[in-house]
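Asks: Quick one, structure for this:
(chains A, B, C and D)
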Protein chains: 2
Amino acid sequence: MARKRSDDKRRRILQAAVKVFARKGYFAARVAEIAQRAGVADGTIYLYFRGKEDILVSLFDELMAEHVERARQQMQAVEDAPSRLRLIAEHHLRALGADRDLAVVFQVELRQSTKFMERFTASWLGRYFDLVGSVIEQGQREGTLRADVPRKLVTKAFFGTLDELVTSWVIGRKDYDLALLAGPAVDLLLRGAAAAGASASGRAVLSVATGRGGR
Amino acid sequence: MARKRSDDKRRRILQAAVKVFARKGYFAARVAEIAQRAGVADGTIYLYFRGKEDILVSLFDELMAEHVERARQQMQAVEDAPSRLRLIAEHHLRALGADRDLAVVFQVELRQSTKFMERFTASWLGRYFDLVGSVIEQGQREGTLRADVPRKLVTKAFFGTLDELVTSWVIGRKDYDLALLAGPAVDLLLRGAAAAGASASGRAVLSVATGRGGR
DNA sequence: ATCGACAATGAATCGAGATTCAGTAATCCC
DNA sequence: GGGATTACTGAATCTCGATTCATTGTCGAT
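Replies: Numbering: from 1, shown residues only, chains lettered A, B, ... in the order given. Purely as a prediction, here's the structure:
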């Protein structure tokens, strides 16, 4: 029925997989269902992928390579670190907010096991963190960001906040525009939650927590 | 060999389950291995739990009820919202940082599927968010926290940051003291990452991001 | 129009492991 | 002591679905 393994078919399998993984969860997902939805025979899947796990991994690798690269390009549009963080945040939320099934796969299914998580962290997540980390460092150098906060901590707070926003959006059924949260989220990260006047918070509180918490 | 279904045996099964789930992952975990490690027969598991899934759910329900309650009590030790946030953060990081296997189960295994996640969010995570949210609200009322940031956003940033700190700690093999990050993390959340002088960040950046990001 | 090469098919295989349950043993109560 | 009750055991069962592979269909070349 065909001559050349079509990229098209491969893409259809991946698209079908996103839907099935998102709806059933990776383990409960049936290869047969992916095949059916992609309009190919069960066995065909194995001409394009080594197995079920390879589908998930490929999904992740291919989408991410593109994603991180775009984030890097987009942020070039502006110069200072704060603005760059805002663009990255927008990109992050817009990309996942555009496709709920894809977001489910990224927020939930790809975190199945420590095995995935590690592989994960080592490849794109690592690069993404490096990207954000370099912007933070730039900000500390140019003086727009506080230099007295560990870069890694800021990076994790940045990513962690975005990640939680996406997860909440995915789990809660409501569908608001995720990307609209980028502005407020970055504003919070930059300016902090403390009221302007309440300078007490800075020091006083630190001593309380550091000086022991209790049992 | 026994008369009364012992709580002790139930506890041993749960403890064994934490270790096996953490090391193998929920799906790859074998009920037989949990049984062996707990020192009971395979069938005994089914006297205490409905099945494999029920073990995971019970683990979560029981540990969490206790955990959230403790957080609530501990924070009473201080009055103002910023200090309370710091105690909650310490509690959160200390609890998970004390037992890596437990942390793996919470950060990774319990997020298997949207099914778990939803159940999850509905029960304890919901209550935890309510707890944090109420402290944020208190802070906005008492004037220690900015009132112009949506409470939910601050809550998600707070949780998201802690969550990411824990996940990084779990995935990276290094073992530093997780609880020590509570202070700096809350300080960052409260005071923000922007340098004191760089007031530009606040307004200028917002317009850039809001006024369109690019394709 | 015939052949060779390869893509695609999908029914059958095969392994794995959660769960069951018939049997065994401890404990209680008289 | 012994009968009743209930906890416990662990080998056998039973289901399920990923993967395989013998067969079929299509294409391009000659």
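
Asks: List the contacts of A:Leu145.
Replies: A:Leu145 makes contacts with A:81-82, A:136, A:139, A:154, A:190, B:193-195, B:198, as judged by Cβ atoms under 8 Å, 6 or more residues apart in numbering or on different chains. Quick note: C-beta positions are derived from backbone N, CA and C, even for glycine.

Asks: between those residues, which is closest to A:Leu63?
Replies: Checking the contacts of A:Leu145 against A:Leu63 by Cβ to Cβ gives A:Ile136 as the nearest, at 24.7 Å.

Asks: tell me the average confidence for the helix ranked longest in chain A?
Replies: Taking DSSP state H as the criterion, chain A has its longest helix at helix A:52-75. The pLDDT scores in helix A:52-75 average 92.

Asks: Tell me which other helices or strands it touches.
Replies: Judged by 3 or more Cβ pairs under 8 Å, 6 or more residues apart in numbering or on different chains; DSSP states H and E, helix A:52-75 is in contact with helix A:7-24, helix A:81-97, helix A:100-107, helix A:114-120, helix A:126-142.

Asks: Check whether that helix comes near DNA strand C.
Replies: No: no part of helix A:52-75 sits near DNA strand C under the criterion Cβ under 7 Å from any atom of the strand; the closest distance found is 13.6 Å.

Asks: I'd say A:Leu59 and A:Ala17 touch.
Replies: Yes: A:Leu59 sits in contact with A:Ala17 when judged by Cβ atoms under 8 Å, with a separation of 6.2 Å.

Asks: More neighbours: which of the two?
Replies: Here A:Leu59 and A:Ala17 are compared on neighbour count by other Cβ atoms under 10 Å in any protein chain shown; more neighbours surround A:Ala17, at 28 against 22.

Asks: ok, the more buried one - contacts?
Replies: Each residue near A:Ala17 by Cβ under 8 Å, 6+ apart is listed here: A:29, A:34, A:38, A:55-56, A:59.

Asks: any idea which of those is closest to DNA strand C?
Replies: Within the contacts of A:Ala17, proximity to DNA strand C (Cβ to the nearest atom of the strand) peaks at A:Ala38, which comes in at 8.6 Å.

Asks: What count of nearby residues applies to the closest one?
Replies: For A:Ala38, which is what you asked about, the neighbour count (other Cβ under 10 Å) is 22.

Asks: Same check on A:Val166?
Replies: When counting by other Cβ under 10 Å, one arrives at 23 neighbours for A:Val166.

Asks: Now do the same contact list for it.
Replies: Under the criterion of Cβ under 8 Å, 6+ apart, the contact partners of A:Val166 comprise A:92-93, A:96-97, A:103, A:106-107, A:178.

Asks: Could you save those residues as a markdown table and add columns showing distance to B:Ile13, neighbour count and pLDDT?
Replies: Rendered in a markdown table, the data for these read as follows (distance: Cβ to Cβ, whole Å; neighbours: other Cβ atoms under 10 Å in any protein chain shown; pLDDT from 0 to 100):
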| residue | distance to B:Ile13 | neighbour count | pLDDT |
| --- | --- | --- | --- |
| A:His92 | 41 | 24 | 97 |
| A:Leu93 | 42 | 22 | 98 |
| A:Leu96 | 38 | 25 | 96 |
| A:Gly97 | 41 | 23 | 97 |
| A:Ala103 | 35 | 21 | 95 |
| A:Phe106 | 33 | 24 | 92 |
| A:Gln107 | 30 | 22 | 93 |
| A:Leu178 | 41 | 23 | 97 |
